[in-house]
Structure formats: structure tokens, C-alpha cells
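J.: Here you go, sequence then predicted model.
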Amino acid sequence: MKGVKISALVCGNGLPLATVVSPANIHDSQLYLPTLGRLKIKRQRGRPITRPKAITADGAYDSAEIRVHNRRRGIKTNIPVNKRNRKVLMLGRPIKFDGAAYKKRGAVERFFSWIESYKKVFPRYERLEASYFGLVQLACVIMLWRVLG
């Protein structure tokens with residue numbers, strides 16, 4: 001694997017909820033469903049939470065497949081329309097986009113700046129994907145431990 005890409009699902013404070021590591025030649029939108037599939041927040045009673053109430057993502061995740069998946073699962077989608085994906089003018093109701101909620105997307109950038117501060121994670125020294133994913137998970141656990149105490 002020449003390059004590596006980390007896909008992360010974070011909360012509003014920038015704390016990691018789910019991460020996926022993949023080769024760098026895969027588009028971001030292809031990693032959306034595996035990342036969302038890893039979300040499991042355990043509760044004291046009942047089944048764990050496996051779907052968020054709302055998703056805010058950048059224009060790379062603007063695809064019909066992602067929007068349909070979110071609509072079927074009852075997840076509010078706040079993804080701006082990527083004009084490069086739209087070759088034909090779309091007719092009908094325009095896609096909803098909340099600019100104020102999109103400004104809070106900086107939590108994802110905060111997560112990636114935190115994860116890049118771990119010198120063993122970036123640049124990647126590990127050969128095996130499983131051991132590299134373990135390092136990413138360890139960095140996420142350390143982040144959670146520092147913040148949540």
C-alpha cells in the first residue's frame with residue numbers, strides 16, 4: 001500500500017466515534033458506509049446506538065447513494081452540493097443545506113490535527129494495515145482519555 005487514508009466519524013467536540021483505514025487510492029465517498037457501519041455507542045440499557053441523528057460532511061460525500069442511504073435510515077444529511085458531480089441540471093426540489101451547521105464541521109479538522117500530532121501515525125512506519133489501524137485506535141483512545149479524564 002503506497003498511501004493511506006483515514007476516514008473518521010467524530011462528535012461535535014472532535015472526539016472520534018468510528019475510524020476506518022484504507023488505501024489512499026479509494027475515494028472518500030466509498031469509505032462513508034464502512035465508517036458509518038463501525039459506529040457503536042454502548043448504553044447502560046438497551047441496544048447500542050448505531051446511527052447518528054445528523055451527518056455533516058464536505059462536498060466529496062455528495063452522491064445519490066449516500067443521500068438515499070441516510071434518508072432510509074432517518075439520518076439528517078447536511079452535505080453541500082458538489083457542482084462537479086452534477087453534469088445535468090437537477091430538476092425538482094433543491095437539496096437542503098444548513099450553512100450554520102456546516103461551519104461546525106471544523107471538529108473533523110480538529111480531530112485530524114490531533115491525530116497528526118502523534119509522530120508514529122504520520123508518517124506511516126508500519127507495514128501491515130492491521131498494525132497501523134491499531135496505532136490509529138491507540139491514538140484515539142489517548143485522545144478520549146485526555147479529554148474525558
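T.: Nice, I can see it.
J.: Quick one: the strands in the protein, in order.
T.: Applying DSSP state E to the chain gives strands spanning 4-10, 16-23, 54-56, 76-78.
J.: Give the residue spans of the protein that score low on pLDDT.
T.: For the chain, the stretches with pLDDT under 70 are 1-2, 85-94.
J.: what are the ranges of the helices in it?
T.: 32-37, 64-73, 99-102, 106-116, 129-148 (DSSP state H).
J.: Kindly export stretch 70-88 (C-alpha atoms) in PDB.
T.: Taking C-alpha atoms only, stretch 70-88 is exported to PDB below (Å, rounded to 0.1, in the frame of the first residue of the first chain):
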ATOM      1  CA  ASN A  70     -29.200   8.500   5.000                       C
ATOM      2  CA  ARG A  71     -32.800   9.100   4.100                       C
ATOM      3  CA  ARG A  72     -33.700   5.400   4.600                       C
ATOM      4  CA  ARG A  73     -32.100   5.300   8.000                       C
ATOM      5  CA  GLY A  74     -33.600   8.600   9.200                       C
ATOM      6  CA  ILE A  75     -30.300  10.500   9.300                       C
ATOM      7  CA  LYS A  76     -30.400  14.200   8.500                       C
ATOM      8  CA  THR A  77     -27.900  15.000   5.800                       C
ATOM      9  CA  ASN A  78     -26.000  18.300   5.600                       C
ATOM     10  CA  ILE A  79     -23.800  17.900   2.600                       C
ATOM     11  CA  PRO A  80     -23.200  20.800   0.200                       C
ATOM     12  CA  VAL A  81     -23.900  20.100  -3.500                       C
ATOM     13  CA  ASN A  82     -20.700  19.400  -5.400                       C
ATOM     14  CA  LYS A  83     -21.200  21.100  -8.800                       C
ATOM     15  CA  ARG A  84     -18.600  18.800 -10.400                       C
ATOM     16  CA  ASN A  85     -20.800  15.800  -9.700                       C
ATOM     17  CA  ARG A  86     -23.800  17.400 -11.400                       C
ATOM     18  CA  LYS A  87     -23.400  17.200 -15.100                       C
ATOM     19  CA  VAL A  88     -27.000  17.700 -15.800                       C
END
